[in-house]
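1. need coordinates for the below:
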Amino acid sequence: MKVAIIGATGYGGVELVKLLQFHPEVTLHSIHTSSQEGKTINESYPHLTRIIEKDLTEIDVKKIASEVDLVFTSTPTGVSRKLVPDLLAEGVRVVDLSGDYRLKDGKQYKEWYDLEPGDQATIDAALYGLTEWVTEDMTDVAFVSNPGCFPTSVLLGLAPVVQENLIEEHSIIIDAKTGASGAGRGLSAATHFSDTNENIKIYRVNEHQHIPEIEQTLATWNKGIEAVTFSTHLVPMTRGIMSTMYVQAKEDVNEEQLFNLYNDIYKDDYFVRVRQAGQYPSTKEVAGSNFCDISLAYDERTKRITIITVIDNLVKGAAGQAVQNMNRMFGLDETTGLKIAPVYP
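-> Numbering: from 1, shown residues only. Sure, this is the predicted structure:
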């Protein structure tokens, strides 16, 4: 099948380029940008020299849609809400990596993103693509909204205990840490080397745009969950997210029960690896891969469950999950083109 990428020069976009170039069932037909038209992808990213030689071309929706089977929109917030309706109207399928269509309530989008939402019909048409928890057949789905990086790590970790109603609904506290690539390729004082090196800082306290996305999905699993405490930290590394979730158990449990639950729920999900009891994951162990590694602990004194997840924010948190969703949309095994070992050490 032929695919195109709109927004190929950001970190998420170039990760898509790399993954799709080696996908056995895909031809990467075209790559598009609004900022570097006329250049080649190699001029923007020299590491791709001899791997892919393609021009970065303008965004012409009608032309793109007429030439490919699916379009990935890996654009800054606010861009996809204008592009996606036109692409869908042209009859092409879309996987959107931006945050424009993740929230079903347009008022929430305006509140948290400070932008006008997309049209409601397109919002309603978007399937939220947390792949491991999409139970429906995706082969007839035209439009997938790819989850955010933080929500992917958080929701994969919380899903089993939330769905099994094992925790107090108002007890969820999430402490998440990310590498600098999560902020994108654009320069800013917040991600300047001299500011991030040998430093760790909390940011967007109680204001992160992924809060309503997390709450929206949790509420579909358990209507009693209305709000979570979610704190994000920037740490001096390039890739990776570690999310540590603290939740209060409703009844006495033990670690063996918890591990049995997680192993049973994720036994058929190749990209979710539940670690052995007493073994805790690190971001380097998933770097460059589409894996989410999970571990747990239970404190008998406090009846508090600790859930730890790690992902690569650009792969499982973005491009890798987008390819996973594309695979499902076209009836392929969802691991196709994604069985990539983490880069270690």
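
2. need the pLDDT of the closest residue in space to Ala142 that isn't next to it in sequence.
-> Leaving out its chain neighbours, the residue that sits closest to Ala142 by C-beta to C-beta, 6 or more residues apart in numbering is Arg93, at 5.2 Å. Backbone N, C-alpha and C define where each C-beta goes, glycine included. Model confidence at Arg93, given as pLDDT, is 98.

3. need phi/psi at Arg93.
-> phi -80, psi 150 (degrees, to the nearest 10).

4. what about it, how many neighbours?
-> Arg93 has 20 neighbours, counted by other C-beta atoms under 10 Å.

5. next, the contact list for Ile265, please.
-> Ala159, Pro160 (C-beta atoms under 8 Å, 6 or more residues apart in numbering).

6. so where do the strands sit in the stretch 151-300 of the chain?
-> 173-178, 201-203, 229-234, 241-248, 272-274, 292-299 (DSSP state E, counting those that start in this stretch).

7. low-confidence ranges, the stretch 51-200 of the chain, go.
-> Residues of the stretch 51-200 of the chain meeting the criterion pLDDT under 70: none.

8. next up, the contacts around Tyr113.
-> Thr77, Gly78, Gly99, Gln209.

9. can you redo those as TSV with distance to Gly317, secondary structure and neighbour count?
-> Shown next, in TSV, are these (distance: C-beta to C-beta, whole Å; DSSP: H, G, I helix; E, B strand; the rest coil; neighbours: other C-beta atoms under 10 Å):
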residue	distance to Gly317	secondary structure	neighbour count
Thr77	16	coil	14
Gly78	20	coil	15
Gly99	12	coil	24
Gln209	14	coil	19
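
10. farthest pair in these?
-> Gly78 and Gln209 (11.8 Å; C-beta to C-beta).

11. thinking again about what came up before, with mean neighbour count and distance to Gly184 added, can I get the strands of the stretch 151-300 of the chain in a markdown table?
-> Formatted as a markdown table, those follow (neighbours: other C-beta atoms under 10 Å; distance: least, C-beta to C-beta, whole Å):
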| stretch | mean neighbour count | distance to Gly184 |
| --- | --- | --- |
| strand 173-178 | 20 | 12 |
| strand 201-203 | 12 | 14 |
| strand 229-234 | 18 | 13 |
| strand 241-248 | 22 | 15 |
| strand 272-274 | 21 | 26 |
| strand 292-299 | 22 | 22 |
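
12. got CSV for the ones you listed, with distance to Lys223 too?
-> Below are these laid out as CSV (distance: least, C-beta to C-beta, whole Å):
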stretch, distance to Lys223
strand 173-178, 19
strand 201-203, 30
strand 229-234, 19
strand 241-248, 17
strand 272-274, 25
strand 292-299, 24
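
13. out of the ones you listed, which gets nearest to Lys104?
-> Nearest to Lys104, of all the strands of the stretch 151-300 of the chain, is strand 229-234, at 18.7 Å by C-beta to C-beta.

14. starting from the closest one, tell me which strands it pairs with and how they run.
-> Strand 229-234 has its sheet partners listed here by DSSP bridges as strand 173-178 (parallel), strand 201-203 (antiparallel).

15. how near is Glu251 to Tyr298?
-> 12 Å (C-beta to C-beta, to the nearest Å).
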